[in-house]
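In: Quick one: sequence plus predicted model below, questions after.
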Amino acid sequence: MTESGPAEDDAGCADLGTVFRALADEHRRTVIAELAADGSDRERTCNSFDLPVSKQTQTHHFRVLREAGLIHEINYGNRKGIRLRRAEINRRLPGLLDLLTAERRA
């Protein structure tokens with residue numbers, strides 16, 4: 001099992017511009033909102049999200065979220081799991097996850 005994400009010594013989100021560019025896309029906001037709504041922070045597989053896009057586009061969206069430091073990705077070889085980096089997001093951008101989950105409910 002290998003893990004990928006921001007550099008090992010990076011304990012938080014990327015710069016604000018990168019985070020906001022990642023969240024500019026509605027599909028990526030949906031992924032983060034779904035992860036944030038699940039308070040258990042359980043790991044989910046990438047294909048567990050009902051995104052109306054091709055597998056290649058899904059891969060692109062998850063890469064953008066990972067590079068922004070919003071998700072942690074675990075590679076199991078034949079599948080990938082993702083987990084929200086809730087603590088880092090709340091420390092760096094307090095209230096952001098609440099805003100995204102409220103937008104999803106509206």
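Out: Looks like it arrived, so ask away.

In: rest of the way, CA atoms for contacts and neighbours
Out: OK.

In: Next, count neighbours for Ala33.
Out: Residue neighbour count, defined by other C-alpha atoms under 10 Å, stands at 22 for Ala33.

In: Ser54 now?
Out: 9.

In: Please apply the same query to Glu67.
Out: Neighbourhood size, Glu67 [other C-alpha under 10 Å]: 20.

In: Please read off the pLDDT at Arg104 from the model.
Out: pLDDT, Arg104: 80.

In: Would you confirm that it contacts Ile32?
Out: No - in this structure, Arg104 is not within contact of Ile32 by C-alpha atoms under 8 Å, at 10.0 Å.

In: between these two, who's got more neighbours?
Out: Legend: neighbour count by other C-alpha under 10 Å for Arg104 and Ile32, higher for Ile32 (23 against 15).

In: Contacts for the strand or helix carrying that one, please.
Out: Under the criterion of DSSP states H and E, Ile32 resides in helix 26-37. Under the contact criterion C-alpha atoms under 8 Å, 6 or more residues apart in numbering, helix 26-37 has outside partners 22-23, 41, 49, 51, 61-62, 65, 70, 83-84, 86, 97-98, 100-101, 104.
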